[in-house]
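J.: predicted coordinates and the sequence they were generated for:
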Amino acid sequence: MMIRGPIVVLRWVAPVALVSLTALLLLQSAGAQTRFTYSKGQSVSPAYEGWMPNEDGSFTLYFGYMNTNWLEEFDIPVGPDNNIEPGGPDQGQPTHFYPRRNPFLFTIRLPQDFGNKELIWTLTTHGRTEKAYASLKSDYQIDKQVISTEVGGDGGSLRDELRYNIPPELVVEGEARRTVKAGEPVPLVALAGDPDNLPARRDGKLQPRHPGERPVQEVEKASAPRAVPTTAETNAANLLYRPPSSIVPSSGPGLRLSWIVYRGKASAVRFSPEQMKTWTDTRAWANSPWSPPFTIPEPPPDGKWITEVRFQEPGIYTLRAVASDGSLFTYKNVTVTVTP
């Protein structure tokens with residue numbers, strides 16, 4: 001009995017100690033993996049997305065940003081807190097920053113002899129300075145499929161055809177610079193088309209190939225019979241086919257267009273109708289192509305998007321029309337001087 005006593009005690013104490021140690025390790029592991037999200041108070045990080053070569057020997061560099069906040073937006077004028085050097089501080093970067101991820105938002109074209117130099121985009125928000133370093137290192141070279149993959153284009157597809165995708169064609173009617181009074185309505189008329197219908201909508205809806213032209217299916221119906229599949233047949237097949245997909249937030253294929261405030265105080269700008277978001281808002285019912293259960297609207301029959309905008313305060317605003325086929329983007333700017 002004198003021998004068994006300690007053994008019995010040890011058999012009870014050891015499991016308790018093991019359970020306590022296991023619980024401690026699990027808590028530490030959970031703490032290390034905790035990820036917080038914020039409505040406001042966090043900083044904006046500039047992002048260098050990569051570069052592509054051009055046929056004339058020059059290079060195009062792509063930039064975007066990540067606003068860690070879900071609600072807070074920033075207006076950061078070009079200057080000490082928002083500059084790109086060398087050659088800046090103004091190299092076409094935005095001054096209004098929407099929430100969350102805004103990829104491939106603007107480009108900078110570099111000459112053939114840029115060599116091993118760097119461009120540095122510096123942003124300061126909430127007292128914190130962040131920098132993006134852009135160079136022509138081979139690790140940063142991208143192609144059209146990479147852009148599509150990074151934005152979850154074509155439902156997250158990784159198919160090779162996206163390497164040859166042609167971005168939408170975009171025309172904005174009227175002057176690129178305008179002057180209006182505060183409160184006056186300003187019409188914005190944009191025409192867009194998807195010249196290669198890639199990636200095609202999977203619901204068989206009509207899509208114009210070029211701005212102001214008839215949608216693609218109307219052209220096909222008027223053509224002579226042919227043996228190759230029509231767009232409608234291809235779209236029907238796409239409903240059944242599911243190519244390999246990436247794990248980033250995905251956006252459905254199909255031509256769409258939205259206006260954003262690129263420079264200026266966005267809280268003083270009112271668009272009618274309300275514009276779908278161009279930033280990666282993944283929350284449900286968020287009016288975003290990345291938001292479930294969002295469906296890409298059918299384009300206007302003539303490929304003409306008509307929007308009205310009003311400015312509540314005087315100032316200089318740059319509005320940007322963003323046309324996308326779900327994988328690539330095309331931009332056009334309109335600068336509006338608003339007087340009292």
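T.: Arrived safely, thanks for sending. Numbers count the residues shown, from 1 in each chain.
J.: can you pull out the strands in the stretch 201-340 of the chain?
T.: Counting by DSSP state E, counting those that start in this stretch, the segments of the stretch 201-340 of the chain that form strands are 256-263, 269-272, 304-311, 315-324, 329-339.
J.: a markdown table please, covering those and showing mean pLDDT, distance to residue 78 and mean neighbour count.
T.: For every residue, glycine as well, the C-beta is placed using N, CA and C. Shown next, in a markdown table, are the strands of the stretch 201-340 of the chain (pLDDT from 0 to 100; distance: least, C-beta to C-beta, whole Å; neighbours: other C-beta atoms under 10 Å):
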| stretch | mean pLDDT | distance to residue 78 | mean neighbour count |
| --- | --- | --- | --- |
| strand 256-263 | 97 | 9 | 22 |
| strand 269-272 | 98 | 19 | 16 |
| strand 304-311 | 97 | 20 | 18 |
| strand 315-324 | 98 | 11 | 22 |
| strand 329-339 | 98 | 14 | 17 |
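J.: run through this structure and note the low-pLDDT ranges.
T.: Low-confidence segments of the chain, defined by pLDDT under 70, are located at 1-35, 216-247.
J.: now the helices: where do they sit in it?
T.: Taking DSSP state H as the test, the helices found in the chain are 4-32, 144-150, 153-156, 216-222, 231-240.
J.: what's the domain layout of the protein?
T.: For the chain, the structural domains run 44-140, 166-339, going by automatic domain parsing.
J.: so can I have JSON lines of the ones you listed showing distance to residue 153?
T.: Shown next, in JSON lines, are the domains of the chain (distance: least, C-beta to C-beta, whole Å):
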{"stretch": "domain 44-140", "distance to residue 153": "11"}
{"stretch": "domain 166-339", "distance to residue 153": "3"}
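J.: nearest to residue 160, out of those?
T.: Evaluated over those, closeness to residue 160 peaks at domain 166-339, with 9.7 Å, by C-beta to C-beta.
J.: measure the closest one end to end?
T.: Using C-alpha to C-alpha, to the nearest Å, the span of domain 166-339 from its first residue to its last is 39 Å.
J.: closest to residue 65 out of the strands of the stretch 201-340 of the chain?
T.: strand 256-263 (12.4 Å).
J.: just the C-alpha atoms of the closest one, please, in CSV.
T.: Extracted as CSV, the C-alpha positions of strand 256-263 are listed here (Å, rounded to 0.1, in the frame of the first residue of the first chain):
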residue,chain,number,x,y,z
ARG,A,256,-18.8,46.7,-66.5
LEU,A,257,-18.1,50.4,-65.9
SER,A,258,-18.0,52.6,-62.8
TRP,A,259,-16.9,56.1,-61.9
ILE,A,260,-14.7,56.8,-58.9
VAL,A,261,-13.2,59.9,-57.3
TYR,A,262,-9.5,59.7,-58.2
ARG,A,263,-8.5,63.1,-56.8
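J.: may I have the strands that pair with that strand, each with its orientation?
T.: strand 315-324 (antiparallel) (DSSP bridges).
J.: the inter-axis angle of the strand it pairs with versus strand 304-311?
T.: Angle of strand 315-324 versus strand 304-311, following axes from the mean of the first three to the mean of the last three C-alpha atoms, to 10 degrees, is 160 degrees.
J.: contacts for strand 315-324, please.
T.: 167-170, 172, 188, 190, 192, 255-265, 268-269, 278, 289, 309, 311, 329-338 (C-beta atoms under 8 Å, 6 or more residues apart in numbering).
J.: again with stretch 290-300
T.: With C-beta under 8 Å, 6+ apart as the test, stretch 290-300 has contacts from 152, 192, 201, 205-208, 215, 249-257, 276-277, 280-289, 305-306, 326.
J.: just the buried ones from the residues you listed?
T.: Burial by neighbour count, 16 or more other C-beta atoms under 10 Å: within those this picks out 152, 192, 201, 205-208, 215, 249-257, 276-277, 280-282, 286, 288-289, 305, 326.
J.: out of the domains of the chain, which is closest to residue 148?
T.: Per C-beta to C-beta, nearest to residue 148 of the domains of the chain: domain 166-339, 3.6 Å.
J.: now that closest one, how far from the chain's geometric center?
T.: What separates the centre of domain 166-339 from the centre of its chain is 13 Å, taken as C-alpha atoms, centre = their mean, to the nearest Å.
J.: ditto for stretch 75-90
T.: Mean-position distance between stretch 75-90 and its chain equals 22 Å (C-alpha atoms, centre = their mean).
J.: same deal with stretch 133-151?
T.: Stretch 133-151 sits 14 Å away from the centroid of its parent chain (C-alpha atoms, centre = their mean).
J.: restricting the selection to alpha carbons, write it to CSV.
T.: C-alpha atoms of stretch 133-151 as CSV (Å, rounded to 0.1, in the frame of the first residue of the first chain):
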residue,chain,number,x,y,z
TYR,A,133,9.9,50.3,-54.2
ALA,A,134,9.5,49.8,-57.9
SER,A,135,12.2,48.4,-60.1
LEU,A,136,12.6,46.3,-63.3
LYS,A,137,13.9,43.3,-61.4
SER,A,138,12.9,40.1,-63.2
ASP,A,139,11.0,38.8,-60.2
TYR,A,140,8.5,41.7,-60.6
GLN,A,141,7.7,41.0,-64.3
ILE,A,142,4.0,40.2,-64.8
ASP,A,143,1.6,39.5,-67.7
LYS,A,144,-2.1,39.8,-68.3
GLN,A,145,-2.9,36.5,-66.7
VAL,A,146,-1.1,37.6,-63.5
ILE,A,147,-3.2,40.7,-63.3
SER,A,148,-6.4,38.7,-63.8
THR,A,149,-5.3,36.2,-61.1
GLU,A,150,-4.4,39.0,-58.6
VAL,A,151,-7.9,40.5,-58.9
